[in-house]
Structures are given as structure tokens and as C-alpha cells.
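A.B. asks: coordinates only, sequence not included:
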Ligand SMILES: C[S@@+](CC[C@H](N)C(=O)[O-])C[C@H]1O[C@@H](n2cnc3c(N)ncnc32)[C@H](O)[C@@H]1O
């Protein structure tokens, strides 16, 4: 859910909701997995149709309250677990005939606005950035990792061109004081030679830290593989991405399973000539002008989906190899 301010109150806008519903057609019933429950925007829109069932996950335990409410409203048709989607296979879903598995990546408005999470450069106080079920916080990253490690995180996860100078200045600054959100934002503003007048100067560094702290790369890869495995024939995998790094991963995964031979190299040649999934639309769906007007923060959302063609569960993928350079950076966090 990417939402925006409407006067003094705020309204939730589940991103690309109409597009999602037209793909998964819950009006015909079925079981769906909502891997990123958030404020339950997608889940609710599915459950209002009879004969549907939703199993939802979210790593943020603060979503439990909303889940309890929906659970009371749709008794026996909604089940929630405070888990990460990399743990999808723990749910023992093999017996379920799943019609669709949905990932709406990124952060909800509630999370961005939650001062205790410290996700935004406007947050006051401590650097945190943990979405839930994490191993370390951004404070530890900024105050403990060395210059070279920080530079890599900023460069590869934030695509920040001035990563080296920013990392260097962080090391200098932290000799004098512990770095919190405000100190970090001021430091980035002072360090950057090329000022950005369209977005906040700290945007890219904050994106990099959020990806690193939440291990978003391996979470996504594990989640996608588990989802693709657990689906039966005609089951759909739908992903909404929010930044170019995650979109690159999803795009590669979808292409590789729908364009290359993906069944198994151990099967006879005759059975190998098919791909495991098909992509009905090659281009991602993006917000309409109407949605952009109502919710400007939906602007970078992209929805991609693919449909499984076979009841086959153990496919080959080279996605870990392809994105090994990113996983290696993520692994720097293992020492924290
Ligand atoms: C953009 S919001 C989803 C909004 C939801 N579609 C709605 O309509 O209300 C993303 C949610 O995914 C959750 N999330 C992000 N990464 C996750 C992960 N690896 N495992 C489980 N939940 C995750 C976040 O905590 C957040 O609540």
C-alpha cells in the first residue's frame, strides 16, 4: 500500500488494485496467498467475493491488529501469519489448490509514518529501518561497518554516485558522535557535490539502508522461488515492484521461467521443450493517470504476472547465480 496525504487525514491506496483484481478474478472464487498483507487492501478486496479464501503473511507484527479485524469479519476464510515470505514453504501449502500468490513489495504508508521504524529521512531520532523479524538495525550498519562495506551498500543498493565520499564522511563523523537520522541526513546534504532538487538528497542512501537491513534481495529471490514451486497448473504469480533493483530481479525470474526451457534437465528431451510458466503480457502494468493523480506515490509501481502451465514443482533456476553480486553484499550483514 502506497498512500498519500489527503488534507490532515490519510487514505490507504492499495496500488494497482483494479489491475490486480482483473487478473486474479476473485469473483469466481479460489484460494489466494497474500504475501504482503500490509493494511489488508488486496486481501479485503478478494474476500468480499464469496467462495474465496486468503492466507496472508506479513513480517511486521503491527499488521496483526488489522488481520484480527479481517479475521472476525470473514471467519473461516482468512488466515494470517506474522512471517516473512521467504518462509512460504513452512506453510505447508501443497494441499491447497492456490489460484494466485501475490507480492506487493515495499512499505505501507503506516510503516513510513511510524516514527519507531525510522524508515524515512524525515523521521526524528534513532536510525532503525527494521520492517519486522530482522537481525540488525540501520544504526548498527552505520555505526559499525567499515568504509568499504558502506560504500558497496550505497553504490549497489542505492545506485548513489557519491557513495565513496559519503561512506568516508560517515566514518569521520562517527568518531565524534553516534549517528542518528538527522545527523545522517545533514551529513549527506553537506557531502553531496551534485545536489538533487527533485528528490531529497538522502533518498538513495535511505533506500540502500532499507534494502540492506531487511535483506530484501534474498527475501525476494527465496519468496519467488517458493511461490513458483508451490503453484499448480493455472496458478498465477503476481508481483508489484516499487524500485528498479527489485523489478530487475522479478523481470529476470519471470523471463527465465517463461522463455527458457525451465522444466528439468533430467527429463527426457521430448518433455523438456516446454517452459514452466507463460507470461500473458510482456509489459508490466503501471498506474493509470487517475491513480497517479489520487496517489502520486504509486508512480514507480509495476505489476508483472505469469501463469503456471504444468503441475511440476522442482524446476531449475540460475537466479542466485545471476544476482550473486547483490547477495554477497547482503551477506556483509552476517557479521553484525
Ligand atoms: C506495500 S505494503 C502491502 C500493502 C497491501 N497490498 C495492502 O493492500 O494493504 C507491503 C507490506 O509487505 C510487508 N513485507 C515486506 N517484505 C516482506 C517480507 N519479506 N515478508 C513478509 N512481509 C513483507 C511489509 O511489512 C508491508 O506491510
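C.D. replies: All right, it came through fine. The structure presented is a predicted model; accordingly, all values stated were derived computationally and were not measured.
A.B. asks: contacts only, for the residue nearest the centre of the chain.
C.D. replies: Residue closest to the average C-alpha location in the chain (Cα atoms, centre = their mean): residue 105, at 2.8 Å. Residue 105 makes contact with 36, 216, 220, 239, 240, 241, 242, 246, according to Cβ atoms under 8 Å, 6 or more residues apart in numbering. Just so you know, the C-beta spots here come from the backbone N, C-alpha and C atoms, and that holds for glycine as well.
A.B. asks: the last one: neighbouring residues, count only.
C.D. replies: Which is residue 246. 21 (other Cβ atoms under 10 Å).
A.B. asks: give me the element the closest residue to the ligand within the stretch 151-300 of the chain is part of.
C.D. replies: Nearest to the ligand, among the residues of the stretch 151-300 of the chain, is residue 219, at 3.9 Å (Cβ to the nearest ligand atom). Here residue 219 sits within helix 216-230, counting by DSSP states H and E.
A.B. asks: and the helices in the stretch 151-300 of the chain, which stretches?
C.D. replies: For the stretch 151-300 of the chain, the helices defined by DSSP state H, counting those that start in this stretch occupy 163-176, 181-191, 203-213, 216-230, 244-259, 269-272, 289-294.
A.B. asks: pLDDT on the shortest one, on average?
C.D. replies: Regarding helix 269-272, the rounded mean pLDDT is 52.
A.B. asks: the ligand contacts on this structure?
C.D. replies: 1, 14, 36, 38-42, 57-60, 63, 84-85, 104, 106-108, 131, 219 (Cβ under 6 Å from any ligand atom).
A.B. asks: which of the residues you listed fall within strands?
C.D. replies: 57, 104 (DSSP state E).
A.B. asks: count of neighbours near the residue nearest to residue 13 when sequence neighbours are not counted?
C.D. replies: Closest residue to residue 13 apart from its sequence neighbours, by Cβ to Cβ, 6 or more residues apart in numbering: residue 295 at 4.0 Å. The burial count assigned to residue 295 is 22, neighbours taken as other Cβ under 10 Å.
A.B. asks: can you check residue 200 too?
C.D. replies: The burial count for residue 200: 15, using other Cβ under 10 Å.
A.B. asks: what is the neighbour count of the closest residue to residue 224 other than its chain neighbours?
C.D. replies: Ranked by Cβ to Cβ, 6+ apart and with sequence neighbours excluded, the top spatial neighbour of residue 224 is residue 253, at 5.1 Å. Using other Cβ under 10 Å, residue 253 is surrounded by 25 other residues.
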